[in-house]
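*Asks:* Mind looking at a prediction? Sequence and model below.
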Amino acid sequence: MAKPGLDSGAKGGLGELKSRLLFVLGAIIVFRLGSYVPIPGIDPVVLSELFEQQKGTIVEMFNMFSGGALERASVLALGIMPYITASIIMQLLSVVHPPMMELKKEGEAGRRKISQYTRYLTLVLATFQSIGIATGLPNLINGLVLNPGFGFYFTAVVSLVTGTMFLMWLGEQITERGIGNGISILIFAGIVAGLPTALGQTAEQARQGEINLLFLFMIGAIVIALTYLVVFVERAQRRIVVNYAKRQQGRKVFAAQSSHLPLKVNMAGVIPPIFASSIILFPGTIAGWFGQNESTAWLQDVALLLSPGQPLYVMLYATAIIFFCFFYTALVFNPRDTADNLKKSGAFIPGIRPGEQTSRYIDKVMTRLTLAGALYITFVCLVPEFMLIAWNVPFYFGGTSLLIIVVVIMDFMAQVQTHLMSSQYESVLKKANLKGYGR
């Protein structure tokens, strides 16, 4: 009689997993449909001409993250970037601002409050960015806005802000009712949506003889090798041995135990290359807004030097990635807090005194890991740049997009496996309960 209980439990777990997967799929479909809803009052032909001029700038990178919504002047053109920026600002404040530091220590209630503040900040940032876009569009190129004026400005700002807040809500729903991190999945969906076009462009270049077939196979081999490298490093850990002394809590006596403290090689994730690209490509974006004239000739020269593929861009890009790796790792990981938590739980690292010495030791290990992680991210992001220089590969094949795609897929598959294991354990527990009741 226990077997039917086991089967029904497993089927129940698989049914929940199926419903979560279908919810994620439905949310992605809604996101993709929304990227085709245009802001009223914009000429699409003139807009496509404008984006031809913006290749190799920060606009193209944001367009990639939005799944082409920016290129189509969609209501989702801002994408999820305001929310990402707001989240990073809140993380920074939770480290340097005392009230936010206290709020972070309050556990689940504090996290909910920080999430609420993040939403408010997202609304503010989206509003400012929408106003900037709405007022700047008529000045970019003649005929882009059909009827410039207050009516267009108001409609554009409301549409863009609503689109961003909707994506933020949709991402939270995916996280809660689907599988994986909702914001990451939306960015992943936006990048993957441009994959067929990028592959088509590459195939067309090969057909016309612009790219040699041997080079095309080399590009495929390099992408596969980089993917393997990303998977290997993202799963890599430095495990610090941690021992727990024999201790007594109430009437229970816990024997001495040995465990480990896992530290990831790349704790900063994909934030460093995104920040580095945004900052370095910003002058080129500004130059595109001002157009061609004598007063801004110097800005055009700077934009040319900092365009993808240029030696100065490559050097600054690598330096900025390494800097942001250390900067962001310092935000998300505090060796002193980790050492204090180990001390409070009665744990210690063999050969290292608890407290300050443990903090310094963990900081030393983390510094070495961060350097290795920074070099790894720099390598992954620079190899596509060299491909761009040598073989004129489309900008889409960037290290940032490859990192996001691989990391999101790994996280998604890990959570699917977690749900499958959870359903199996629930089935085993139900079987054990049925046996217990039968006795």
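*Replies:* Nice, I can see it.

*Asks:* residues contacting residue 343?
*Replies:* Residue 343 makes contact with 354-355, 358, according to C-beta atoms under 8 Å, 6 or more residues apart in numbering. C-betas here are computed from N, CA, C, even on glycine.

*Asks:* where does it land on pLDDT?
*Replies:* pLDDT, residue 343: 85.

*Asks:* Give me the distance between it and residue 336.
*Replies:* Per C-beta to C-beta, to the nearest Å, residue 343 is found 11 Å from residue 336.

*Asks:* thinking again about what came up before, now that we have the contacts of residue 343, which of them are buried?
*Replies:* The neighbour-count test (16 or more other C-beta atoms under 10 Å) marks 354, 358 as buried among the contacts of residue 343.

*Asks:* Give me the subset of the contacts of residue 343 that lies in helices.
*Replies:* residue 358 (DSSP state H).

*Asks:* Report all helices and strands that the helix or strand hosting residue 184 contacts.
*Replies:* Here residue 184 sits within helix 182-193, counting by DSSP states H and E. On a contact count with 3 or more C-beta pairs under 8 Å, 6 or more residues apart in numbering; DSSP states H and E, helix 182-193 meets helix 2-34, helix 58-65, helix 150-177, helix 399-438.

*Asks:* Out of those helices, which is the most enclosed?
*Replies:* helix 58-65 (a mean of 22; mean count of other C-beta atoms under 10 Å).

*Asks:* Of all the helices and strands packed on helix 182-193, which one comes closest to residue 266?
*Replies:* Of all these, it is helix 399-438 that lies closest to residue 266, at 8.9 Å by C-beta to C-beta.

*Asks:* could you give the mean pLDDT of that closest one?
*Replies:* Per-residue scores along helix 399-438 average to 75.

*Asks:* what stretches of the stretch 51-200 of the chain score poorly on pLDDT?
*Replies:* Counting by pLDDT under 70, the stretch 51-200 of the chain shows low-confidence ranges at 52-62, 65, 140.

*Asks:* Of the contacts of residue 343, which is the nearest to residue 301?
*Replies:* residue 358 (51.9 Å).

*Asks:* was I right about that closest one contacting residue 341?
*Replies:* No: if you go by C-beta atoms under 8 Å, residue 358 and residue 341 don't touch, sitting 10.3 Å apart.

*Asks:* about what we covered before: so the helix holding residue 184 versus helix 150-177, what angle?
*Replies:* 110 degrees (axes from the mean of the first three to the mean of the last three C-alpha atoms, to 10 degrees).

*Asks:* list the helices and strands the helix or strand following helix 182-193 packs on?
*Replies:* The helix or strand immediately downstream of helix 182-193 is helix 195-207, counting by DSSP H and E. Judged by 3+ C-beta pairs under 8 Å, 6+ apart, helix 195-207 is in contact with helix 213-235.

*Asks:* can you tell me how far the nearest residue to residue 185 once chain neighbours are set aside sits from residue 26?
*Replies:* Leaving aside its chain neighbours, residue 185 sits nearest to residue 174 (5.6 Å; criterion: C-beta to C-beta, 6 or more residues apart in numbering). Counting by C-beta to C-beta, the gap from residue 174 to residue 26 is 10 Å.

*Asks:* How about residue 78?
*Replies:* Residue 78 sits at a distance of 22 Å from residue 26 (criterion: C-beta to C-beta).

*Asks:* just residue 154 next, same as before
*Replies:* Using C-beta to C-beta, residue 154 is found at 32 Å from residue 26.

*Asks:* Repeat that for residue 45.
*Replies:* Taking C-beta to C-beta as the measure, residue 45 falls 33 Å from residue 26.

*Asks:* one step back: relative to residue 320, which of the contacts of residue 343 is nearest.
*Replies:* residue 358 (32.0 Å).

*Asks:* confidence score at the nearest residue to that closest one once chain neighbours are set aside?
*Replies:* Excluding the flanking residues, the one nearest residue 358 by C-beta to C-beta, 6+ apart is residue 339, at 4.1 Å. Listed pLDDT for residue 339 reads 89.

*Asks:* secondary structure element for residue 339?
*Replies:* Going by DSSP H and E, residue 339 is in helix 335-344.

*Asks:* And that helix, what's buried?
*Replies:* For helix 335-344, using 16+ other C-beta under 10 Å, the buried residues are 335, 338-339, 342.

*Asks:* Among those residues, which one lies nearest to residue 181?
*Replies:* Set against residue 181, the nearest of the buried residues of helix 335-344 by C-beta to C-beta is residue 338 (23.3 Å).

*Asks:* what residues are up against that closest one?
*Replies:* By C-beta under 8 Å, 6+ apart, the contact set of residue 338 is 261, 359, 362.

*Asks:* If we use 10 Å, what do you get?
*Replies:* 240, 261, 263, 358-359, 362-363, 366 (C-beta atoms under 10 Å, 6 or more residues apart in numbering).

*Asks:* Mind putting those residues into TSV with pLDDT and distance to residue 70?
*Replies:* As requested, the contacts of residue 338 are exported to TSV (pLDDT from 0 to 100; distance: C-beta to C-beta, whole Å):
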residue	pLDDT	distance to residue 70
240	89	44
261	88	42
263	91	37
358	90	47
359	91	44
362	92	42
363	93	41
366	93	37
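
*Asks:* Among the residues you listed, which lie within strands?
*Replies:* Of those, the ones assigned to strands by DSSP state E are 240, 261, 263.

*Asks:* what is the second one paired to in the beta sheet?
*Replies:* Spelled out, that is residue 261. residue 240 (DSSP bridges).

*Asks:* any idea how far it lies from residue 361?
*Replies:* 11 Å.

*Asks:* The first one too?
*Replies:* Distance check for residue 240 against residue 361: by C-beta to C-beta, it reads 8 Å.
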